[in-house]
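Trainee: Quick check, what structure comes out for this input:
(chains A, B, C and D)
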There are 2 protein chains.
Amino acid sequence: MVNSLALRLQAYTKLSQDDMAAIDRLVRKGVREIGARRDLLREGETPRSVFLVLEGWACRYKTLPDGRRQIVSLFIAGDICDLNIYILKEMDHSIGAITSLKVAEISRDDFERLMLEHPRITQALFWNELVTVAVQREWTLNLGQRTAYERIAHLLCEIYLRLSSVGLTSGDSCHFPLTQVDIADATGLTAVHVNRTLQELRREGLVELHGRTLTIPDFEGLRAAAMFNDNYLHLEREGAYLDAND
Amino acid sequence: MVNSLALRLQAYTKLSQDDMAAIDRLVRKGVREIGARRDLLREGETPRSVFLVLEGWACRYKTLPDGRRQIVSLFIAGDICDLNIYILKEMDHSIGAITSLKVAEISRDDFERLMLEHPRITQALFWNELVTVAVQREWTLNLGQRTAYERIAHLLCEIYLRLSSVGLTSGDSCHFPLTQVDIADATGLTAVHVNRTLQELRREGLVELHGRTLTIPDFEGLRAAAMFNDNYLHLEREGAYLDAND
DNA sequence: TCGTGCCGCTTACCTATGTTATCACGACAA
DNA sequence: TTGTCGTGATAACATAGGTAAGCGGCACGA
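Mentor: Sure, this is the predicted structure:
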């Protein structure tokens, strides 16, 4: 098993052998499988552990009392599901599996000890959280200002780049388990309109999407259509801060 | 001068006299005034310091190449403008003053030292960041699922509660410097439609808004109209985590 | 082997919100 | 004193995207 948490955190800071070993131990300890479309955590519950996605796709979503639903983030391999155990008595959103999922569940106590004994890890988690907010801000822009066409194109660009950053693309394709309803929930559109818009993207030759496979034959074209700028993903992995101080 | 950063962080953890004194020193050191409608920091720039709002309103905004603009967050007294200096070579958004502003500017080095020497402060900043993401998620829900009417009602509820949590409301009123254009930029609507919708809210007796004063004669009504649930603001200030461990 | 349910797709129709333009008012600078 | 600009307000019209309903294909379980 590749240690995807360590990999992720390495993006932000240099971890020692000791740091990595500690992470590895915790991850191995808590591996769990979860069925597709099941909830890991529901709004209103008290979180007791942190989840780390090892395989599969999950999402964070919020609902309104009348049932309207918004997917507010997506999780793929290496993503940390919820640090909120540190502040929340009660979850203010739910976490759901999209595909069947392999996760590492880390208890609050274990996680706390990890952070206490490994300040470098704490720091990396902090940075990870800053990137998470940056993504959330871009989604805010996406929903507030982009048209349906741009919005979906933007979502596809983001997903493709994130998958690629953890080695889950091959050529110009990737596995893509979101249904049109999922895309609708993530973009604040209806499934009908997502369908219309996807066909438009197909007609323009920007996107192919059949089976559960997404192909982007012309990434530059898609990026232009979406007005996509990857700066908010902070994928550079350069550790600018550390290089200057270590 | 009230030390609003210390106040804010106290909400998450207990700070020692020493912690507070350190904060106080830094805040006093960097006080600056900024004119209304000026930018503190622009997308693309390299951030060199953290800003803490002492008085006035500011916002974070992002723009698309063709000029569409989205306000993605609002800052009021006590809010920390940008921790992004820790990961960003380049800002992925701008920070702008809405009113004239009094801020404390804290240099990267000073801030770094503060965190290094005061782990409690680091922890509190971490928590503060978790609340920031929670708010950003709620904005995502707001833009993706709520109607214009609900969206504006929701924004007003949030602002009112946040102002009230730092003592900036009196009775059912507060100072409210946002123009209709600002509200439009924050809710992903046009100014024309914001105008229409505000009048509807006025007609329903949920909101009064003249001069630069907002009055909410029936908060319960407004909350119901917005389907507003304040859980995401995490205002409880109970330090649940700490109470269990200290 | 036949249901049952999810998923992608389509069509006809509807409406919330955007667009463009105009006006009045007050603040402020020349 | 006049001009300019930002703000709130209105009106007539346009459209992106929502709603409701239904169809076919396919996976899966009884």
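Trainee: Could you list the low-pLDDT ranges of chain A?
Mentor: Applying pLDDT under 70 to chain A picks out residues A:1-2, A:237-246.
Trainee: what about A:Arg37, neighbour count?
Mentor: Counted with other Cβ atoms under 10 Å in any protein chain shown, the neighbours of A:Arg37 add up to 10. Any C-beta I mention is one placed from the backbone N, CA and C, and that applies to glycine too.
Trainee: Let me see the contact set for it.
Mentor: A:96-98 (Cβ atoms under 8 Å, 6 or more residues apart in numbering or on different chains).
Trainee: Which ChimeraX command selects the buried ones in those?
Mentor: Command for ChimeraX that selects the buried part of those, burial taken from 16 or more other Cβ atoms under 10 Å in any protein chain shown:
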select /A:96,97,98
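Trainee: and the gap between the residue lying closest to A:Val103 once chain neighbours are set aside and A:Asn84?
Mentor: Nearest residue to A:Val103 in three dimensions, chain neighbours excluded: A:Phe51, at 4.8 Å (Cβ to Cβ, 6 or more residues apart in numbering or on different chains). Taking Cβ to Cβ, to the nearest Å as the measure, A:Phe51 falls 11 Å from A:Asn84.
Trainee: For the residue positioned nearest the centre of chain A, which non-adjacent residue is spatially closest?
Mentor: Residue closest to the average C-alpha location in chain A (Cα atoms, centre = their mean): A:Phe75, at 2.9 Å. Distance criterion Cβ to Cβ, 6+ apart; nearest residue to A:Phe75, sequence neighbours excluded, is A:Ala58 at 4.3 Å.
Trainee: What parts of chain A come near DNA strand D?
Mentor: A:147-149, A:188-190, A:192-193, A:197 (Cβ under 7 Å from any atom of the strand).
Trainee: Flag every residue of chain A that's near DNA strand C.
Mentor: Checking chain A against DNA strand C by Cβ under 7 Å from any atom of the strand, the hits are A:179-181, A:191-192, A:195-196, A:198-199, A:210.
Trainee: Heading C-terminal from the helix or strand that A:Gln199 is a member of, find the next helix or strand.
Mentor: Per DSSP states H and E, A:Gln199 falls inside helix A:191-203. Per DSSP H and E, the first helix or strand lying C-terminal to helix A:191-203 is strand A:208-210.
Trainee: Off-centre distance for that next one?
Mentor: 21 Å (Cα atoms, centre = their mean, to the nearest Å).
Trainee: Name every strand pairing with that strand and say which way it goes.
Mentor: Sheet pairing here is set by DSSP bridges, and for strand A:208-210 it gives strand A:213-215 (antiparallel).
Trainee: In the strand it pairs with, which residues are buried?
Mentor: Under the neighbour-count rule (16+ other Cβ under 10 Å), strand A:213-215 has A:Leu214 buried.
Trainee: and it, how far from the chain's centre?
Mentor: With Cα atoms, centre = their mean, you get 18 Å for strand A:213-215.
Trainee: Contacts for that strand next, please.
Mentor: A:156, A:159-160, A:172-176, A:207-209.
Trainee: what's the angle from the host helix or strand of A:Ala186 to helix A:191-203?
Mentor: Element membership for A:Ala186, per DSSP H and E: helix A:180-187. Taking axes from the mean of the first three to the mean of the last three Cα atoms, to 10 degrees, one finds helix A:180-187 and helix A:191-203 inclined to each other by 100 degrees.
Trainee: give the contact list for A:Val27.
Mentor: Taking Cβ under 8 Å, 6+ apart as the test, what A:Val27 contacts is A:1, A:3, A:5, A:52, A:54, A:104, A:106.
Trainee: Distance to B:Phe126, secondary structure and neighbour count added to those, as a markdown table?
Mentor: Formatted as a markdown table, the contacts of A:Val27 follow (distance: Cβ to Cβ, whole Å; DSSP: H, G, I helix; E, B strand; the rest coil; neighbours: other Cβ atoms under 10 Å in any protein chain shown):
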| residue | distance to B:Phe126 | secondary structure | neighbour count |
| --- | --- | --- | --- |
| A:Met1 | 28 | coil | 11 |
| A:Asn3 | 23 | coil | 20 |
| A:Leu5 | 17 | helix | 26 |
| A:Leu52 | 18 | strand | 26 |
| A:Leu54 | 24 | strand | 20 |
| A:Ala104 | 21 | strand | 24 |
| A:Ile106 | 17 | strand | 22 |
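Trainee: Mark out where each domain of chain A begins and ends.
Mentor: A:4-138, A:146-233 (automatic domain parsing).
Trainee: I'd like to know how far A:Ala36 sits from B:Ser107.
Mentor: Where B:Ser107 is concerned, A:Ala36 sits at a distance of 49 Å (Cβ to Cβ).
Trainee: Pick out whichever of the residues of chain A next to DNA strand C sits closest to A:Leu64.
Mentor: A:Val181 (16.7 Å; Cβ to Cβ).
Trainee: what sits against the spatially closest residue to that closest one that is not a sequence neighbour?
Mentor: In space, and not counting its chain neighbours, A:Val181 is closest to A:Ala191: 4.8 Å by Cβ to Cβ, 6+ apart. Contact analysis of A:Ala191 by Cβ under 8 Å, 6+ apart lists A:180-181, A:184.
Trainee: Show me the strands in chain A, by range?
Mentor: A:31-34, A:39-41, A:49-55, A:58-63, A:69-75, A:94-97, A:101-107, A:169-170, A:173-175, A:208-210, A:213-215 (DSSP state E).
Trainee: CA-only coordinates of the fourth one, as PDB, when you get a sec.
Mentor: It refers to strand A:58-63. Included here for strand A:58-63 are C-alpha records, laid out as PDB according to Å, rounded to 0.1, in the frame of the first residue of the first chain:
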ATOM      1  CA  ALA A  58     -16.000  10.600  -1.800                       C
ATOM      2  CA  CYS A  59     -17.600  14.000  -1.300                       C
ATOM      3  CA  ARG A  60     -18.700  16.500   1.300                       C
ATOM      4  CA  TYR A  61     -22.200  17.700   0.900                       C
ATOM      5  CA  LYS A  62     -24.700  20.000   2.600                       C
ATOM      6  CA  THR A  63     -28.500  19.900   2.300                       C
END
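Trainee: Spatially nearest residue to A:Thr197, not counting backbone neighbours?
Mentor: That would be A:Ala148: by Cβ to Cβ, 6+ apart, it lies 4.9 Å from A:Thr197.
Trainee: What's the local residue count around that neighbour?
Mentor: 18.
Trainee: and if you look at the one 4 residues further on?
Mentor: When counting by other Cβ under 10 Å, one arrives at 29 neighbours for A:Ile152.
Trainee: That one touches A:Glu200, doesn't it?
Mentor: No. At 9.1 Å, A:Ile152 does not count as touching A:Glu200 under the criterion of Cβ atoms under 8 Å.
Trainee: buried ones in the top helix by length along chain A?
Mentor: Counting by DSSP state H, the longest helix found in chain A is helix A:119-145. Buried positions in helix A:119-145, judged by neighbour count with 16+ other Cβ under 10 Å: A:120-145.
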